[in-house]
Every structure is written in C-alpha cells, then in structure tokens.
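**Q** Fold the following for me, if possible:
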Amino acid sequence: MRPTDNDPFDLGFDAADEFTTGANDPWRSSTPSLTPTGGFEDPFADFPPAQPREDAPPPARSLQTVPPTTRPTPQARPVQQAAPVMTRDVGERDFDRAPEMVAPAYPEPIADSGLGDAAIPRITIHAFCARPETAALIEQAAADRRMARASTIVHDGGLAAAVDYYQNQPTPSLVMVETLDGAQRLLHMLDSLAQVCDPGTKVVVVGQTNDIALYRELMRRGVSEYLTQPLGPLQVIRAVGALYADPAAPFVGRQIAFVGAKGGVGASTLAHNFAWTMAENMQTATVLVDLDLAFGTAGLDFNQDPLQGVLDALSQPDRLDPVLMDRMMVRCGDRLSLFAAPASLDGDYEFGADAFEEVTQKIRGAAPFVVLDLPHVWNAWSRRVLIGSDDLVVVATPDLASLRNAKNIIDLVRGSRPNDAPPRLLLNQVGVPGRPEIPVKDFGEALGVQPSLVLPFDPKPYGQAANNGQMLAEVAPKSKAAEGLEHLARLISRREPPPTQKTSLFSGLFKKK
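**A** Numbers count the residues shown, from 1 in each chain. As a prediction, the model looks like this:
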C-alpha cells in the first residue's frame, strides 16, 4: 500500500517530468490520429463546450473561417516593445471545435504581492496564439521589465500551427500554445505536439475550459502549466517565472528604491529611517543598500564603520554568494542588515550596469525587503535600477526644480513599467519659514500623482538623530516624520505591524527568580 493511500489530500495523479506521450495512454486512442477511433471512450464527452461570459462585451471582429485547403503559414514576429491591441484576421481550420469567442478585456491587477517578482532568465519563448487579443497580451508581457532578458516570438494559428511548425524546426526553451478546442481534441493535438518537441522543452497551454480533471491530465502528460482566460500580462509573466524559479531560494525580496528629485531633499535620510521602520516596527527582515559609493551616509546614520560593503560586492559580482554576502553586511539590529558604501574618494567607482543589476538581484535573496538608497546621478546603472525596482519612492521638496525633475523621473518610469504601480511621491521639508512654496495640491496635480506622504519642516529631531547615530523613531517616536514613515511602511509592505504585548502592572511580581 502506498503511504498516501489514506491521505485525504492526495489528488491521485503524478505529474510527468517530460512533455511526452506514453505507449499505454487510456486518455487517447492507440494511434496519433486527430480523430478518435472506434471503441475509444472520451472522458470529457460530457463536458459542455466553452461559452462566452454573460457579462462579456461583444467581440470587436468575428474570426473568419478559412477552408482547410488554404491553410495559412504561421507568421512570426519578434517582440521588442509593448504593442497596442490589434485586430487582424487569423486563419482557422475547419474542424469540430468549441464555439468562437473573444475574451473580454479585463483591467490588469497591479502587482500587489508582498514580495517581489523574479526576473525571467535568458530563454527563448515561442507563443502560438489563436486570437489576436492573446497575441497582443503576450507582446505586452514580453515588453515588461521582468522579461527583458528573454527573447519572445509570437506566431498566429494556435496549437495546430505549433504542431505544423515544429515538424522541421527545433523547439525553444518554452512553447506557449493557445487553443479554442474542447478537451478531447486538445489532448490529441498535444499528443502530436509531444512527438515533435525536443527534450527539456517546457509547454504552457492557454485554454478555455477551467476544470480540475483536465488540469490533472495535462500535468500527467508533462504540460508545465495550464492557464485559462481571461488573462493579464502579470499572470503570464508570473507563470513563466514560476517555471524557472530557483527551488533553493525561498523568496525574491521586494526591492524599494529611494531617489531624490534633486540634491538636499533628504532622500537618503528618509531611506535609512524607512529601512529601520520596516525592520523594527513591521518586524520583517530588511537589507539597506547604500549605492552612493563616494558620499554615502548610511554608515554614519547607523554609527557603523564596516570594513567591507557594497563596493566589494560590485568588484566581484560573480563570486557573490549567501556566505560572502553575509560577511559583507553589518548587523544594525535583529532584523536590519546594512550594505554600506565606502564613502571615500580613493577610486572612480566605474562599474557597469550589469554589475549593479547582478548584485541587486542577488541581494534580493537575502531578505524579504531590500531598500536601495540611490544617489542623485543619472547614468546607465541608475536608470536600470530605477526601472527594475518593485517600488520607487521619489522624494521632493515643494519647489520648481523638484517639480521639473520629479516629473521627468515619474514620466520615464511610468512609460517603462506599464504593468507596475506608479512611483510614490514623498514631499519633504514642507513649510520652511519665509520660503515661497508650491502648494501640495498643485504639486501633485502637475505630476499626476498624489503624494503618499507629506512631511513638515522639522529640523530639530533630524539633526539630533544624525549627530547621535540614531533613527528618528528613537529620538522622537511621536514626531510627524516617525509616524509618517510607519504609514509609508504599511503601504509598501501591504501589512500591518504586529500588535504590541501589553504588560500588566503585577506581571513583575510573578516572574521566576
């Protein structure tokens, strides 16, 4: 007896390691014919055909049926950037299939998970889409920052076109196929695709039927993932990322970048205090990375002078592993680790964008939240780090120079990250006596982003904390800045701080001596 025979949660099937067909397959006939032979009992015969949703809008254009004699050749196009939804005629084969339907356009959910999303490795993806809406969606997903290293090519024709295409072509790392067919024909077409797939190729199926029995059978046949409509770009990206995720990595940390709209707005001070708030108030492991190599102040703010730091990591990014990373970081508390900058002018610190990207990606495996303190510079690596972060906080003061620079940063990030939440605006030093200022409401309307946090001008606690090597919440826990940063930590972490344990007046009397 198997050890799982009495397990009420055992689903009763084992997923295959390869996308192949077995010799004794009870789900299909003994021949690879597309039409079932006599005596074959279809387990999905009683399935209703896929029907459009009742609340779906009418299709923009009907798909035209092409006679079988005029089978179109799949048209391939490399994906370079996000394309608008295009309507085009797609050749269809004249066989028994589910009724034609066009999935409605659903609003794409913002990436709101507590942790970050893993970047897709350097792989080749071929997508065979049966509908123009799905092709446009795949193109939009391929242009996302998370898939910048992957090469994606979109074909027309769906699953049947994939079977024809790979008769004399090698298969890539990942094949995504869309089908509008019912369960029986889907399984037979997948059998034909399995016969032309190279070993190691992963297959993702996009179908219309949302049924656990079909999902089990697809997993048993070696299909890597099964997705159903309606889909969004983030769902496709996360499905692909899950296939290539490192099983040894328990999570991918959420990367939060702080950048100042101009010098002297307090971005570094707020980044350091935010990281401390995440670790102490939200009680979650956090890593603070000071990327201002020449003038970074994280070591001063935390009263630390480490011998190693982010400079050593950038000098040898290929050698950076969890053991070496732990030696380079300095502990600033039970949950906060610091990657300090050398804050020295001995070197020019000319590192490429690839080195910064590799180091920041590896640091994301060290803690659930990673806070980056970015200097007020503009080059290839700062641009890539800004666009590649899960959250971006732009710190500005209510003046014209900050307004112009903040608008440039926010417009750039919005255009480069259409599937992510917009950057957060933090207005600092509001209400300086005697200084003309742009009203907060007008400032937000000009940028198209309402401030997530507005902090008043209050130099006393900032100066006291900086001189003592402490944080604002340690010096003035009831100040507007300390309370505001805790509010910002709640917004970004998507969680509430754990409740504080109340101590009784008589609790000390009953302690064991």
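**Q** what's the average pLDDT for the lengthiest helix in the chain?
**A** Ranked by number of residues, the top helix in the chain under DSSP state H is helix 400-416. Mean pLDDT, helix 400-416: 95.
**Q** Each with direction, which strands does the following helix or strand past that helix pair with?
**A** Sequence order places strand 424-430 as the next helix or strand after helix 400-416, per DSSP states H and E. Neighbouring strands of strand 424-430 in its sheet, by DSSP bridges, are strand 391-396 (parallel), strand 453-456 (parallel).
**Q** and the longest one, what's its mean pLDDT?
**A** Averaged across strand 391-396, pLDDT comes to 96.
**Q** Can you check what angle separates it from helix 400-416?
**A** 160 degrees (axes from the mean of the first three to the mean of the last three Cα atoms, to 10 degrees).
**Q** which one of the strands paired with strand 424-430 lies closest to Ala242?
**A** Nearest of the strands paired with strand 424-430 to Ala242, taken as Cβ to Cβ: strand 391-396 at 21.5 Å. From N, CA and C alone the C-beta is placed, and that goes for glycine too.
**Q** Contacts for that closest one, please.
**A** Strand 391-396 is contacted from outside by 254-262, 265-267, 270-271, 274, 386, 402-403, 405-406, 409-410, 413, 421, 423-428, 443, 452, 488, 492, using Cβ atoms under 8 Å, 6 or more residues apart in numbering.
**Q** And that strand, how far out from the chain middle?
**A** Put simply, strand 391-396 sits 19 Å off its chain's centre (Cα atoms, centre = their mean, to the nearest Å).
**Q** Would you check that Gly448 makes contact with Ile410?
**A** Yes - if you go by Cβ atoms under 8 Å, Gly448 and Ile410 touch, sitting 7.5 Å apart.
**Q** Compare the two and say which is more crowded by neighbours.
**A** Ile410 (21 against 12; other Cβ atoms under 10 Å).
**Q** doesn't Gln450 make contact with that one?
**A** No - judged on Cβ under 8 Å, Ile410 makes no contact with Gln450 at a distance of 11.9 Å.
**Q** Kindly state the pLDDT recorded for the nearest residue to Leu300 once chain neighbours are set aside?
**A** Counting by Cβ to Cβ, 6 or more residues apart in numbering, Leu300 lies nearest to Gly469, which is 6.9 Å off, once chain neighbours are set aside. Reported pLDDT at Gly469 in the predicted model: 88.
**Q** One more: Asp117?
**A** pLDDT, Asp117: 74.
**Q** start at 14 instead
**A** Understood, numbering begins at 14; the last thing we discussed is Asp130.
**Q** For it, which non-adjacent residue is closest in space?
**A** Asp130's closest residue in space is Arg159 (Cβ to Cβ, 6+ apart), at 5.6 Å.
**Q** Could you tell me how far the one you found is located from Ala255?
**A** Applying Cβ to Cβ, to the nearest Å, the value for Arg159 to Ala255 is 12 Å.
**Q** which one of these two has more residues nearby?
**A** Each of Arg159 and Ala255 has its neighbours counted (other Cβ under 10 Å); Arg159 has more, 24 against 11.
**Q** tell me the SS of the more buried one?
**A** Secondary structure assignment for Arg159 (DSSP: H, G, I helix; E, B strand; the rest coil): helix.
**Q** Spit out the contact partners of it.
**A** Applying Cβ under 8 Å, 6+ apart, the residues near Arg159 are Asp130, Ala131, Ala132, Ile133, Ile250, Gly254.
**Q** Tell me how far the fourth one lies from Asp305.
**A** Per Cβ to Cβ, Ile133 is found 30 Å from Asp305.
**Q** ok, these two, which is more surrounded?
**A** A count of neighbours by other Cβ under 10 Å puts Ile133 above the other of Ile133 and Asp305, at 22 against 19.
**Q** Show the contacting residues for the more buried one.
**A** Ile133 makes contacts with Arg159, Met160, Arg162, Ala163, Ile250, Val253, Gly254, Tyr257, as judged by Cβ under 8 Å, 6+ apart.
**Q** now with 7 Å?
**A** Arg159, Met160, Arg162, Ala163, Val253, Gly254, Tyr257 (Cβ atoms under 7 Å, 6 or more residues apart in numbering).
**Q** can you tell me which of those residues are in helices?
**A** Those of the contacts of Ile133 lying in helices (DSSP H): Val253, Gly254.
**Q** quick one: which of the contacts of Ile133 is most hemmed in?
**A** Result: Val253 is most packed of the contacts of Ile133 (other Cβ under 10 Å), 27 neighbours.
**Q** Can you give me the distance of the nearest residue to that one once chain neighbours are set aside to Ile250?
**A** Leaving aside its sequence neighbours, Val253 sits nearest to Ile133 (Cβ to Cβ, 6+ apart; 5.7 Å). Using Cβ to Cβ, Ile133 is found at 7 Å from Ile250.
**Q** how about the nearest residue to Ser237, chain neighbours excluded?
**A** Once flanking residues are discounted, Ser237 sits nearest to Lys215: 4.3 Å by Cβ to Cβ, 6+ apart.
**Q** Surely that neighbour is in contact with Ala255?
**A** No - if you go by Cβ atoms under 7 Å, Lys215 and Ala255 don't touch, sitting 10.9 Å apart.
**Q** Good, we can wrap up now.
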